[in-house]
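# just coords:
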């Protein structure tokens, strides 16, 4: 046992991709024989973590946490491969705990988060243990922590969409705004938060469309500007029609309730992840069907 040092544990971990504590246990059990320890890990974990690492994880959950004083909170996206695993109780508990860890520790990035304490081990070791237990690739994709200027309210839609809102006013108003954001998916609180690149893209598209009308340049300019303003109205929270009352905008609702929104953040599971494996699978299935059709005809 005296030969079991940190370097040996690290070497075994790099070979097997197993959790650090599991590597240490295997080395103790094998009396420091790294080959025997590797065999023990393969028997125990089936080398699941190593095999799973290359697979696309585009399902998962959004974890949401708000402190009791409503002053700090976090959203985190943790991905897995299937919706089935996203409903697993251990996975749900893992994601929920991670959101709390982010809110309480304010890590600078994913690397710092991975080295924080999770129960008696690190976050990364807990993640690897989960991979070994469940048999799917599990990855922590992103997180955001908010320190509120006002109070935080949140909303989770089946763990697929998570919203945090920093607002003034009563809690019910905050929840209503959070639910609205989940449904309407605004890009920012107001037009100042929309990037110049996005606005220029909309302006270019509107210009190309307007040119086809054959109208004069001054009329085209007005059409383009109108299109840009319409776009900003649709994607900014304050200008959107409130989902619970189509007769007023979100801003009008907030003014009526003597409330305001300072900022918000929302995540959607898998947003932006290219499901390459799924696309490849569909192409292969199509190829098989085509081949079967050719064989049948011949």
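Structure's in. What do you need? Being a predicted model, the structure only gives us computed values, none of them experimental.

# just the terminal-to-terminal distance for stretch 113-122.
9 Å (C-alpha to C-alpha, to the nearest Å).

# just the residues contacting it, thanks.
Contacts of stretch 113-122 with the rest of the structure, by C-beta atoms under 8 Å, 6 or more residues apart in numbering, involve 19-21, 97-98, 101-102, 105, 107, 123-127, 129, 140, 143. Where you see a C-beta, it was placed from the backbone N, CA and C, and this is true even at glycine.

# make it 7 Å
Here stretch 113-122 makes contact (C-beta atoms under 7 Å, 6 or more residues apart in numbering) with 21, 97, 101-102, 105, 107, 123-124, 126, 140, 143.

# mind giving me the PyMOL command for buried ones among these?
Of the contacts of stretch 113-122, the buried ones can be selected in PyMOL as follows, counting by 16 or more other C-beta atoms under 10 Å:
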select buried, resi 21+97+101+102+107+123+124+126+140+143
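
# just the ones of the contacts of stretch 113-122 in helices?
21, 97, 101-102, 105, 123-124, 126 (DSSP state H).

# and the spatially most central residue of the chain, what does it touch?
Centroid-nearest residue in the chain: residue 77, 3.1 Å away (criterion: C-alpha atoms, centre = their mean). Residue 77 is in contact with 60, 62, 141-142, 267, 269, counting by C-beta under 7 Å, 6+ apart.

# cool, and residue 154?
The contact partners of residue 154, by C-beta under 7 Å, 6+ apart, come to 64, 66, 73, 163-164, 178.

# just the buried members of those residues?
Buried, going by 16+ other C-beta under 10 Å: 64, 66, 73, 163-164, 178, out of the contacts of residue 154.

# and those as a markdown table, adding distance to residue 261 and secondary structure?
Below are these laid out as a markdown table (distance: C-beta to C-beta, whole Å; DSSP: H, G, I helix; E, B strand; the rest coil):
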| residue | distance to residue 261 | secondary structure |
| --- | --- | --- |
| 64 | 17 | strand |
| 66 | 16 | strand |
| 73 | 15 | strand |
| 163 | 11 | strand |
| 164 | 11 | strand |
| 178 | 10 | helix |
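
# tell me where the stretch 151-298 of the chain has strands.
151-157, 161-168, 260-268 (DSSP state E, counting those that start in this stretch).

# I'd say residue 59 and residue 87 touch.
No: under the criterion of C-beta atoms under 7 Å, residue 59 makes no contact with residue 87, lying 9.9 Å away.

# so the two - more neighbours on which side?
residue 59 (20 against 13; other C-beta atoms under 10 Å).

# so where's the stretch 1-150 of the chain uncertain?
1-3, 17, 42-57 (pLDDT under 70).
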